[in-house]
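Asks: Need coordinates for the following:
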Amino acid sequence: MTSPDWHAPAASGRLDATVTLPGSKSLTNRYLVLAALASDVSRLRRPLRSRDTELMAQALRQLGASIDDATSTASGSPDWIIHPATLRGGRPVDCGLAGTVMRFLPPVAALASGPVTFDGDEHARVRPMAAIIDALRDLGVTVEDEGRGTLPFVVEGTGSVRGGRVVIDASASSQFVSALLLAGSLFEEGVTVVHDGKPLPSLPHVEMTVETLRDAGAAVDDSEANTWRVEPGELLPLDVTVEPDLSNAAPFLAAALAAGGRVSVPDWPGHTTQAGDMIRDVLDRMGAEVSLDSRTLTVAGDGRPSGIDVDLHDAAELTPVVAAVAACADGPSIIRGVAHIRGHETDRISALSRELGGMGVEVTELDDGLRIDPAPLRPSTFHTYADHRMVMAGAVLALRAPGTVIEDPATVGKTLPRFVDLWQGMLEASEG
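Replies: Next up is the predicted model:
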């Protein structure tokens, strides 16, 4: 069911706001998986509460974990207390449209006792899954998918996985590598994952997986290109605070450049494996003033972005927001290296081409990205295709196109349920 359309606000003047964001979806879901597999009770502080993370928590409960709220004095939302799972099958897993759930949990389900059925939203049934299904079969796991290579499918859990070396083509999603690594320490022989294919997309996400595994005491060797080894052994319980989601910060920071003004995001990490950190460099290259001071990132702009030629292969989730800023620029832009986003929540390349074109922008679809030739923006109904990043892109464009209407804004609940409130609060604070 879609939500009512959103008459997204235009900027009435220069922005001047500070926006505090909840935790990273990518980190929250990795920590949830590791905590469910750990040897004792874990605590996640300031986790993101969104559709994707709630789906992950519920899926892990289906597999036997206990995940409960706990009072937190340090954040506005409860912490999560995770009692590790005695993995069991027999209960279905609803993946929704969450790539992390549909890809991270089949290797976990293989360790369960009994069959586990995976299914999700209609759009989820076209997302590529063959790489993880084939990898599990190579490791001795039975998976029934009727030859589709997509949802729905059944993992026949036997309580153990042999493990060992497996070669996969993860060029469609780095999540396939992360999925095997997260569960690999509980395989009898551990796991060695070798990627054989086109360059791995979003490599920082694999680096994030390696770092979170090490946080849980796993022995991981990533010294060889395109090869990762996790030794067998127990995972230690976690007590971690989740960093803010830097990809969710992107539209707010981009607003300062697209509309003019200043936007700050506190608690920006000095060191991070989040791919969204790349937004600092991208906006700097597009003419913004970017500064990180006392863990607060500030972006200031004059409303006249410069065109850019940028490879977003390692941070492809930034593509919709960067494309929106490029549509407001003083010259053409090219976004490269993101062919794999055709298999994300929607075909993001085609979706951006259609929606930017509907606002008067000339867009050329490339084999691996987009060329964007700016033009004066005209308001339109901006369709979002059940894709949270499209909502964010539409909000940036609406700043420059009064009268823009964004379809189904609630789909942004996948990663940031309070996005609309935070966005309108940013503009209200600027007016004050």
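Asks: Please verify my assumption that D245 contacts G23.
Replies: Yes: counting by C-beta atoms under 8 Å, D245 does reach G23; the two are 6.3 Å apart. From N, CA and C alone the C-beta is placed, and that goes for glycine too.
Asks: Looking at these two, which has the bigger crowd around it?
Replies: Higher neighbour count among D245 and G23: G23, with 25 against 22, using other C-beta atoms under 10 Å.
Asks: Tell me what the more buried one is bridged to.
Replies: P244 (DSSP bridges).
Asks: who touches it in this structure?
Replies: R46, P47, L48, V242, E243, P244, D245 (C-beta atoms under 8 Å, 6 or more residues apart in numbering).
Asks: burial measure for E54, as a count.
Replies: When neighbours are counted by other C-beta under 10 Å, E54 comes out with 16.
Asks: And it, what's its pLDDT?
Replies: The model reports E54 with a pLDDT of 97.
Asks: And the one 10 residues further on, by the same measure?
Replies: The per-residue pLDDT reported for G64 equals 97.
Asks: Quick check: phi and psi at it.
Replies: phi 120, psi -10 (degrees, to the nearest 10).
Asks: same question, R46
Replies: Torsion angles, degrees, to the nearest 10, at R46: phi 60, psi 40.
Asks: Now list the buried members of the contacts of G23.
Replies: Listed as buried from these are R46, P47, L48, V242, E243, P244, D245; burial here means 16 or more other C-beta atoms under 10 Å.
Asks: What separation do you get for the fifth one and A183?
Replies: Going back to what we said before, that points to E243. 23 Å (C-beta to C-beta, to the nearest Å).
Asks: where exactly do the helices run in the stretch 251-400 of the chain?
Replies: Assigned helices in the stretch 251-400 of the chain, in chain order: 279-285, 319-326, 348-358, 388-398 (criterion: DSSP state H, counting those that start in this stretch).
Asks: For those helices, give me a markdown table that also has mean neighbour count and mean pLDDT.
Replies: Below are the helices of the stretch 251-400 of the chain laid out as a markdown table (neighbours: other C-beta atoms under 10 Å; pLDDT from 0 to 100):
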| stretch | mean neighbour count | mean pLDDT |
| --- | --- | --- |
| helix 279-285 | 20 | 98 |
| helix 319-326 | 29 | 98 |
| helix 348-358 | 21 | 98 |
| helix 388-398 | 28 | 97 |
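Asks: Run a quick neighbour tally on A70.
Replies: Going by other C-beta under 10 Å, the residues that sit close to A70 add up to 11.
Asks: Please look at it and I82 and confirm they touch.
Replies: No: between A70 and I82 there is no contact under C-beta under 8 Å: 10.2 Å.
Asks: Can you work out which residues contact both of those two?
Replies: With C-beta under 8 Å, 6+ apart, A70 and I82 have common neighbours R43.
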